[in-house]
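Colleague: Below are the sequence and a predicted model for it; my questions follow.
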Amino acid sequence: MTEKRPDVLIVGAGVIGCSIAHALVRRGAAVTVLERDYPGAVTSRASAGMLVPTAEGLPAGPMLNLAVQSLRLYPTLAETLREESGVDVEYSACGVLVPAFGDQAAQALKTRLSPDNPALQWLPRAVALEREPLLNPTLLGALFHPSEGQVNPAKLVEALTQAAARMGAAFHYGVAVDGLVRHGGRVAGVRTGSSEWHAGATVLAAGAWSGALSRWAGVPLDIQPVRGQVVSLRCVPQPLRTVVFGQPGYLVPRRDGTLLVGATQEWTGFENRATAGNTRMLLESAKRLLPALDSATFLDTWSGLRPASPDEQPVLGPVPGLDGLAVATGHFRNGVLLAPVTGELLAAYLLRGTAAPLKPFGVERFLGKKKR
Ligand SMILES: Cc1cc2nc3c(=O)[nH]c(=O)nc-3n(C[C@H](O)[C@H](O)[C@H](O)COP(=O)(O)OP(=O)(O)OC[C@H]3O[C@@H](n4cnc5c(N)ncnc54)[C@H](O)[C@@H]3O)c2cc1C
């Protein structure tokens, strides 16, 4: 191998690795991304692409702030990516409705209303049905956020890789990283078989596999795979304008007329497959939200593996005691939502040493804790 020494080497071309590569290369860094499969192969392309911090019910604090900050980056990022790559990532602030079908659910949802989030509204039944006339009419009302929405994750990964590649980032696919190159307390790059790739800094962004990779660093992160399955339907005409986030189950109306029905949340290890039982369960929960769905055309079903840390929040930034290594993983249910801000924060840290915004998400919070 002719040796190149990029400023930054990124392991994993999911939405997180690609977003970091894009943010870095726009600031002039030399970046190489190593991916054992193809971009977004397992999880990022499987995502439903919702950008819905409110519907996720994230508690007030650093995680909600991070999610809101990332959501705000989307309009500009989508425009930038269209100019840089020619790919439309189908970002849409289509709004999100969280319907309540009982008094208890309605009361619980109303507690999320806050002066800190003035755009969030409670819609009484008639107003919710005016907005989405085909929703199950037995709902009592719905929480509505007008500016949350969705993006097409497969297009997002495509746009990020193309834009970054045009600006000089090198992407190598079919390359599995199987070790770190260490010189004492410093990580100088990674190993793939008998090859070594050297870089000023190395970032582990390997999604659900980041735990295994971090063991090489001697900092075993507890990152677990959490399987999620989605079903896609075709409905003519598209029955919804808004993302509908039920409890359980959600519906995401895509621009091309497909309707995504998601998603399971299963602790089944690295077994990534869609099952008949999950398909049935998802279709039943979808029908409870939108009774007219019985006549929809069944298109497809698939699954992916969300990377979950013990507190289900991302793990971002330097690895204590090991210079030259950073991690960006554990984005669990919100990796697509959090991709823009993760790219910005990691680029600021790697190029300028800005570490303070990463503090709440640092590796330190797990060090010395027992594995679950
Ligand atoms: C069904 C489903 C629905 C979802 N819906 C949403 C949603 O609506 N909104 C949202 O924000 N998020 C959603 N998510 C979560 C989101 O998809 C994830 O948080 C996000 O994709 C994680 O991105 P990642 O880049 O960390 O991981 P990945 O996409 O898994 O990328 C990691 C990459 O690393 C590569 N890799 C691993 N090991 C190695 C190695 N040794 N060498 C080289 N490469 C390696 C893998 O091949 C992979 O391509 C959903 C997830 C699922 C499964």
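Modeller: Yep, that arrived.

Colleague: Around the ligand, pick out the residues from the stretch 1-150 of the chain.
Modeller: 11-17, 34-37, 40-44, 46-50 (C-beta under 6 Å from any ligand atom). The C-beta positions use only the backbone N, C-alpha and C, and glycine is treated the same way.

Colleague: burial measure for the closest residue in space to L221 that isn't next to it in sequence, as a count.
Modeller: Leaving aside its chain neighbours, L221 sits nearest to S214 (4.2 Å; criterion: C-beta to C-beta, 6 or more residues apart in numbering). For S214, the neighbour count with other C-beta atoms under 10 Å is 23.

Colleague: ditto for E132
Modeller: If you count neighbours by other C-beta under 10 Å, E132 ends up with 24.

Colleague: Also the one 4 residues further on?
Modeller: When counting by other C-beta under 10 Å, one arrives at 17 neighbours for N136.

Colleague: Wait, a strand at L156?
Modeller: No. Counting by DSSP: H, G, I helix; E, B strand; the rest coil, L156 is not part of a strand but helix.

Colleague: Begin at 404 from now on, thanks
Modeller: With 404 as the first residue, the last one maps to L559.

Colleague: any idea which element the residue nearest to it when sequence neighbours are not counted lies in?
Modeller: Residue nearest to L559 in three dimensions, not counting chain neighbours: V492, with 4.7 Å by C-beta to C-beta, 6+ apart. Counting by DSSP states H and E, there is no helix or strand that carries V492.

Colleague: And the one 10 residues further on, by the same measure?
Modeller: Element membership for P502 (DSSP H and E) is strand 499-503.

Colleague: quick one: the following helix or strand past that strand to chain centroid distance?
Modeller: Toward the C-terminal end, the helix or strand that comes next after strand 499-503 (DSSP H and E) is helix 506-513. Centroid displacement of helix 506-513 relative to its chain, using C-alpha atoms, centre = their mean, to the nearest Å, is 28 Å.

Colleague: pLDDT (mean, whole number) over helix 506-513?
Modeller: Regarding helix 506-513, the rounded mean pLDDT is 95.

Colleague: host element of W600?
Modeller: Assigned by DSSP H and E, W600 falls within strand 598-601.

Colleague: which strands and helices sit next to that strand?
Modeller: strand 582-586, strand 589-595 (3 or more C-beta pairs under 8 Å, 6 or more residues apart in numbering; DSSP states H and E).

Colleague: In its sheet, which strands sit next to that strand, and in what direction?
Modeller: strand 589-595 (antiparallel) (DSSP bridges).

Colleague: and the strand it pairs with, C-alpha only, in PDB?
Modeller: Extracted C-alpha coordinates of strand 589-595, given in PDB (Å, rounded to 0.1, in the frame of the first residue of the first chain):
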ATOM      1  CA  ARG A 589      -1.000   7.200  21.300                       C
ATOM      2  CA  VAL A 590      -3.200   5.800  18.500                       C
ATOM      3  CA  ALA A 591      -1.500   6.300  15.200                       C
ATOM      4  CA  GLY A 592      -4.100   4.700  13.000                       C
ATOM      5  CA  VAL A 593      -5.700   1.300  12.300                       C
ATOM      6  CA  ARG A 594      -5.000  -2.200  10.900                       C
ATOM      7  CA  THR A 595      -6.800  -4.000   8.200                       C
END
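
Colleague: can you give me the angle that strand makes with strand 582-586?
Modeller: Interaxial angle of strand 589-595 relative to strand 582-586 (axes from the mean of the first three to the mean of the last three C-alpha atoms, to 10 degrees): 150 degrees.

Colleague: Pull out the buried residues from stretch 692-700.
Modeller: For stretch 692-700, a neighbour-count test (16 or more other C-beta atoms under 10 Å) marks 692-693, 696, 699 as buried.

Colleague: Can you name the next helix or strand after the helix or strand of the chain with the lowest mean pLDDT?
Modeller: Within the chain, no helix or strand scores below helix 613-619, which has a mean of 87 by mean pLDDT, DSSP states H and E. With elements assigned by DSSP H and E, the helix or strand that comes after helix 613-619 is strand 627-637.

Colleague: List the buried residues for that next one?
Modeller: Those would be 627-636, for strand 627-637 by 16+ other C-beta under 10 Å.

Colleague: and that strand, how far from the chain's centre?
Modeller: The chain centroid and the centroid of strand 627-637 are separated by 13 Å, computed with C-alpha atoms, centre = their mean.

Colleague: what about the helices in the stretch 654-775 of the chain?
Modeller: Listed in chain order, the helices of the stretch 654-775 of the chain (DSSP state H, counting those that start in this stretch) span 679-692, 738-755.

Colleague: Do any residues in stretch 659-669 lie close to the ligand?
Modeller: Yes. Counting by C-beta under 6 Å from any ligand atom, the ligand has neighbours in stretch 659-669: 665-666.

Colleague: buried ones in that stretch?
Modeller: Within stretch 659-669, the residues that count as buried by 16+ other C-beta under 10 Å are 661-667, 669.

Colleague: List every C-alpha atom in it, with coordinates, as PDB.
Modeller: C-alpha atoms of stretch 659-669 as PDB (Å, rounded to 0.1, in the frame of the first residue of the first chain):
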ATOM      1  CA  ASP A 659     -42.600   9.200  -3.400                       C
ATOM      2  CA  GLY A 660     -46.000   7.900  -2.100                       C
ATOM      3  CA  THR A 661     -44.600   5.300   0.200                       C
ATOM      4  CA  LEU A 662     -45.600   5.100   3.800                       C
ATOM      5  CA  LEU A 663     -43.200   3.700   6.400                       C
ATOM      6  CA  VAL A 664     -44.500   1.900   9.400                       C
ATOM      7  CA  GLY A 665     -42.100   1.600  12.300                       C
ATOM      8  CA  ALA A 666     -40.500   0.200  14.300                       C
ATOM      9  CA  THR A 667     -39.700  -2.600  16.600                       C
ATOM     10  CA  GLN A 668     -37.100  -2.300  19.400                       C
ATOM     11  CA  GLU A 669     -35.600  -5.700  20.100                       C
END
